[in-house]
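Peer 1: Next comes the sequence, and after it the predicted model I'd like to discuss.
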Amino acid sequence: MSENELKKTPLNAVHREMGGKMVDFGGWDMPVQYKAGVIEEHLRCRNVAGLFDVSHMGEIWVEGPDAIAFVNRITTNDVTKLVDGQAHYSALPNADGGTVDDLLVYRFNGEKLLLVVNAGTTEKDWDWISGSADTLVRMSVASTRTDGDAQDLAGGTGDADKSVRTPKLRNASSDFCQIAIQGPEATAMLQTMTETDLSAIKYYHFTTGQVDGVDAIISRTGYTGEDGFEVYAAPEFAVQLWEKMLDAGRYGEDGGILPCGLAARNTLRLEAAMSLYGHELGDDISTYEAGLGWITKIDKDADFVGEDKLRAQKENGVSRKVVGFEMTEPGIGRDGYEVYVGDEKVGVVTSGSPAPFLKKNIGLAFLPPEFANVGQEIKIDIRGKHVSAVVVPTPFYKRQK
Amino acid sequence: MSNIPENLRYSKDHEWVEVDGDIATIGITDYAQHSLGDVVYVDMPRVGDKFAAHEAFGSVESVKAVSELFTPVGGEVSEVNDGLNDTPEAVNGEPYTTGWMVRVKMDNPGEADAMLNAAEYEEYLEASE
């Protein structure tokens, strides 16, 4: 794909002006790093704050009386547990138990949800959700459980009819820019730009308000392992918000905020052991295999796509699961490298990198359950050389509260 | 714009060589370190290892990527820069001085003469942009 076919966020020119090194990321022209470099960007986010353009992420509105029932049928987490102003991490399973995408589900009210999905999979997700909506609804009606324990999905009528009406779906990805401000000083920096009391927004909650006079969704979420916010607004305000956030963060001063590229975003999420779609998750990888049992509410009061396959995995166990590892000899086990126990090839690295804050070489890998225990010694084939590593607990990094 | 010192010889793999008698000091160029980003590890050979010209003698790893190192000249490794074990970032900061990687006793010093000079390397970079 040539450069002029790549999609651009509203901040593309700003990234270039700021010295961003641009790369093709899933069809988007995005900065992989700025002048400071990935290590400095990573450390600044851990120690002060980092600013990320995540406008390439996709947004899908789901509206109508059956919005919650519908999303509950297409995602693994239990949407009925959300209250207004709360969000959760979830996954879109496919019928085979694999994963179409991972996502955030925001509940605005009982009839209005926002799904935030990955950039590279937005079109696939949209086709999956919208194209299969009617099928999914019919399927779920046919398999609704007995009246005794089935939640009333028809909207509180108490009627025996458990049908779920297809809600109004809208791919609103081009209606939003999204900027993440993350790190221990992020809240204080953002607070100077808004009258909304940010301290009142709990982790994985959000509110609507104004940031620098711009209507925004202010969400206490992120992908770095740090406290911080993700701010959604209309794309025409992206440059204003970005520049004001840099000012609020004392960009350019010692110990000020730094813009962070995709490389730092990746190392930050890896230290926090957060999954990356296409690595720890995929069309042929289930949430259980990815270690995301905590967002797979197999016993929730709704039938959902792939439930039977996922239930079988939960009951019978999985043949591979994602574990964390740390290199114990010099070398970096990178994505795709093979993992050995003795002479036997047993798995593969899904994400591997130097960890700039931890100053170790870490990674995530698929291993069969018998080798997926903390303390298991493994070898990683680094360009023909078997280099020692050990399975360790995750997350590798957890912030001090 | 890349820094390309006049007194060195260059390979198309973006290594530089400084010749002193039959000893060649080898490192990677400013252009190479910039493309790699933050260097975190340099995997180097041992003193006494022998390599033919254009053979891989090690690798340099940044946060994002790994790149093999090819010796532009054949010979025996006489010294390695152990300092890079503790400060691999010297490859980024001072690629032509403290960021040097190995010294090789050349079998055939003529191989270094056949490498690109600074002007030719600059042209090569411009052509490959």
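Peer 2: Received it, and whenever you're ready, just let me know what you need. What you see is a predicted model; the values in this text were computed from it and never measured.
Peer 1: Can you verify my assumption that A:Gly352 contacts A:Gly331?
Peer 2: No - taking contacts as C-beta atoms under 8 Å, A:Gly352 lies outside contact range of A:Gly331: 9.9 Å. C-beta here means a position set from N, CA and C on the backbone, and glycine is covered the same way.
Peer 1: residues in contact with residue 49?
Peer 2: Picking chain A for this. When contacts are counted by C-beta atoms under 8 Å, 6 or more residues apart in numbering or on different chains, A:Ala49 touches A:181-186, A:189, A:228, A:249, A:257-258.
Peer 1: nope, chain B please
Peer 2: Taking C-beta under 8 Å, 6+ apart, we find B:Asp49 in contact with B:57, B:76-77.
Peer 1: nearest to chain A, of these?
Peer 2: Proximity of these to chain A was ranked by C-beta to the nearest C-beta; the top entry is B:Phe57 with 13.1 Å.
Peer 1: interface residues of chain A facing chain B?
Peer 2: Counting by C-beta under 8 Å from any C-beta of the partner chain, chain A comes close to chain B at A:21, A:32-33, A:37-39, A:263, A:267, A:330-332, A:334, A:353-354, A:356, A:361, A:383.
Peer 1: Out of the residues you listed, name the ones that lie in helices.
Peer 2: Per DSSP state H, helices hold the following members of the residues of chain A next to chain B: A:38-39, A:263, A:267.
Peer 1: A:Glu62: what's it in contact with?
Peer 2: Quick fix: residue A:62 is Val, not Glu. Applying C-beta under 8 Å, 6+ apart to A:Val62 gives the contacts A:70-71, A:112-115, A:167-169.
Peer 1: if you set the cut-off to 10 Å instead, what comes out?
Peer 2: Applying C-beta atoms under 10 Å, 6 or more residues apart in numbering or on different chains, we find A:Val62 in contact with A:68, A:70-71, A:74, A:79, A:105-106, A:111-115, A:129, A:133, A:166-170.
Peer 1: Please, which helix or strand holds it?
Peer 2: Taking DSSP states H and E as the criterion, the element that holds A:Val62 is strand A:58-63.
Peer 1: CA atoms of that strand as PDB?
Peer 2: Output for strand A:58-63, consisting of C-alpha atoms alone and laid out as PDB, is shown next (Å, rounded to 0.1, in the frame of the first residue of the first chain):
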ATOM      1  CA  GLY A  58     -13.000   2.700  15.600                       C
ATOM      2  CA  GLU A  59     -16.300   3.700  17.300                       C
ATOM      3  CA  ILE A  60     -19.700   2.100  16.800                       C
ATOM      4  CA  TRP A  61     -22.900   3.300  18.400                       C
ATOM      5  CA  VAL A  62     -25.600   0.800  19.400                       C
ATOM      6  CA  GLU A  63     -28.900   2.400  20.300                       C
END
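Peer 1: next SSE after it?
Peer 2: Of the helices and strands lying after strand A:58-63 in sequence (DSSP H and E), the nearest is helix A:67-74.
Peer 1: what's that following helix packed up against?
Peer 2: With contacts defined as 3 or more C-beta pairs under 10 Å, 6 or more residues apart in numbering or on different chains; DSSP states H and E, the secondary structure elements packing on helix A:67-74 are strand A:58-63, strand A:86-93, strand A:99-109, strand A:112-117, helix A:122-131, helix A:133-142, strand A:168-171.
Peer 1: Let's see the pLDDT reported for the residue of the stretch 101-250 of chain A found nearest chain B.
Peer 2: When distances are taken as C-beta to the nearest C-beta, the stretch 101-250 of chain A reaches nearest to chain B at A:Thr224, 15.4 Å away. In the predicted model, A:Thr224 carries a pLDDT score of 98.
Peer 1: before we move on, what about A:Thr144?
Peer 2: Reported pLDDT at A:Thr144 in the predicted model: 43.
Peer 1: Same check on A:Arg138?
Peer 2: pLDDT, A:Arg138: 59.
Peer 1: Chain A contacts on chain B?
Peer 2: Neighbours of chain A within chain B, by C-beta under 10 Å from any C-beta of the partner chain: B:34-35, B:37-43, B:56, B:59, B:61-66, B:68, B:85, B:88-89, B:92.
Peer 1: Sort out for me which of those residues are in helices.
Peer 2: Judged by DSSP H, the residues of chain B next to chain A include B:34-35, B:85, B:92 as members of helices.
Peer 1: Among those residues, pick out the one closest to A:Glu370, please.
Peer 2: Compare each of these with A:Glu370 using C-beta to C-beta and the shortest gap goes to B:Asn85, at 35.7 Å.
Peer 1: Do I have it right that that closest one meets B:Val40?
Peer 2: No - taking C-beta atoms under 10 Å as the contact criterion, B:Asn85 and B:Val40 are not neighbours in contact, 11.2 Å apart.
Peer 1: Neighbour count: those two, which is higher?
Peer 2: Here B:Asn85 and B:Val40 are set side by side on neighbour count (other C-beta atoms under 10 Å in any protein chain shown), and the busier one is B:Val40, at 24 against 12.
Peer 1: The more buried one and A:Ala365: what is the separation?
Peer 2: Between B:Val40 and A:Ala365 the computed distance is 20 Å (C-beta to C-beta, to the nearest Å).
Peer 1: Kindly report the same for A:Met57.
Peer 2: Look at A:Met57 and A:Ala365: by C-beta to C-beta, they are 26 Å apart.
Peer 1: now B:Ile23
Peer 2: 43 Å.
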